[in-house]
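Enquirer: sharing a model that was predicted from the sequence below.
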Amino acid sequence: TVEERLQAAGVELPAQASAPAANYVPYTQVDDMVYISGQVPVKDGKMMFVGKCGKEYSVEEGYECAKLCAVNVISQIKQACGGDLSRVERIVKLVGFVNAAPDFQDHPKVVNGASDLMVAAFQDKGRHARSAVGVGSLPFNVAVEVEAIVKIK
């Protein structure tokens, strides 16, 4: 199962998906498509990885940050699926935003942290289209934010 593959990868989903930080919902569903709002690196209610890739954080640390964002994306997917991740038919697209120093160029390597987790968890269903975008800042000054589009049954 997805949960078993996550556990094998050393990943534990939060007991409850994070609540939105502003006036929006954590996801919307239109027919069989679920649009997950941007997820930041929150763990146990605490904001992690505050700062910029290429300044406070290395590529490897950014990768771990993106992976944590993906854990929170999966938590939202689980909520959207009524707790049953086997309903996921496809991770359609990920968009990763990297809070980066001006000369930082390894955005794709950072966002691989999210992509690799999706493939590990959902196998072929986890292969997705993707954008990795460098930005000057992100909410709460976190290093990475990840959003997703998912097809469910």
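Expert: Yes, it's here. Since the structure is predicted, the reported quantities are computational estimates derived from the model, not experimental observations.
Enquirer: where exactly do the helices run in the protein?
Expert: Here the chain has its helices, by DSSP state H, at 2-8, 59-80, 107-122.
Enquirer: same for the shortest one, what does it pack against?
Expert: If you count contacts as 3 or more CB pairs under 8 Å, 6 or more residues apart in numbering; DSSP states H and E, helix 2-8 packs onto helix 107-122. Just so you know, the C-beta spots here come from the backbone N, C-alpha and C atoms, and that holds for glycine as well.
Enquirer: give the buried residues for the helix it packs on.
Expert: 107, 109-122 (16 or more other CB atoms under 10 Å).
Enquirer: over to stretch 80-100?
Expert: For stretch 80-100, a neighbour-count test (16+ other CB under 10 Å) marks 80-81, 85, 87-88, 90-91, 94-100 as buried.
Enquirer: in these, find the pair that's most separated.
Expert: Across the buried residues of stretch 80-100, the longest distance by CB to CB is 34.8 Å; it joins Arg87 and Ala100.
Enquirer: so what touches stretch 42-51?
Expert: 14, 18, 40-41, 56-57, 61-62, 64-65, 68, 72, 99, 140-144 (CB atoms under 8 Å, 6 or more residues apart in numbering).
Enquirer: just the pLDDT at the residue nearest to Val11 when sequence neighbours are not counted, thanks.
Expert: In space, and not counting its chain neighbours, Val11 is closest to Val71: 5.8 Å by CB to CB, 6 or more residues apart in numbering. Reported pLDDT at Val71 in the predicted model: 97.
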